[in-house]
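1. based on what follows, work out the 3D shape:
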Amino acid sequence: MSQFCFICSQPLTESGVVTVDRGMKALIDASIERGDEFSEYLKDQTSVKIHVQCRKNYTRKSSIDAVKRRRQEEEAGSSKISPPRTRARVSETTFCFWG
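-> Next up, the predicted model:
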C-alpha cells in the first residue's frame, strides 16, 4: 500500500487515516462519475489507505456534481472562443457621405 493518499497526494499519518476494504466499489463508482484516472488504479486494489476527510469529500454526491459541473463549464468556455475582431478599413475616397 502507498504512503500517500491517492486523492490528495499528501502523506498518510496515523491520525485521520482509514483503510477502505468494503467501500472500494463506492470509490470506484465515484471515480467513474468524476471521470478521473483513479478507477483503473482502484480496480487493481483490494483495499486502500486514504484520509478520512478525502474519502468523505471524494464520494459525496454534491462534490461529484460540482466536479462534473466545473468540467462542463470549462468545456463550454473553451469551445466558445470568438474569432478576433477586425476593423473595417475604409478610405475617404471610396466612401463618401456627400456624393
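
2. helices of this structure, start to end?
-> Ranges of helices in the chain, per DSSP state H, are 24-34, 38-43, 52-59, 61-79.

3. tell me which strands and helices the lowest-mean-pLDDT helix or strand in the chain is in contact with?
-> Ranked by mean pLDDT, DSSP states H and E, the weakest helix or strand in the chain is helix 61-79, scoring a mean of 88. On a contact count with 3 or more Cβ pairs under 8 Å, 6 or more residues apart in numbering; DSSP states H and E, helix 61-79 meets helix 24-34. Any C-beta I mention is one placed from the backbone N, CA and C, and that applies to glycine too.

4. relative to helix 61-79, how tilted is the helix it packs on?
-> Using axes from the mean of the first three to the mean of the last three Cα atoms, to 10 degrees, the direction of helix 24-34 lies 20 degrees away from that of helix 61-79.

5. list the buried ones in helix 24-34?
-> Within helix 24-34, the residues scored as buried using 16 or more other Cβ atoms under 10 Å are Leu27, Ile28, Ala30, Ser31, Arg34.

6. low-confidence ranges, this protein, go.
-> For the chain, the stretches with pLDDT under 70 are 1-2, 78-99.

7. dead centre of it: give me the residue that sits there.
-> Central residue of the chain (Cα atoms, centre = their mean): Val67, 5.2 Å from the mean position.

8. quick one: the nearest residue to that residue once chain neighbours are set aside from Tyr41, how far?
-> Using Cβ to Cβ, 6 or more residues apart in numbering and skipping residues adjacent in sequence, the residue nearest Val67 is Arg34, 5.1 Å away. Going from Arg34 to Tyr41 by Cβ to Cβ, to the nearest Å gives 13 Å.
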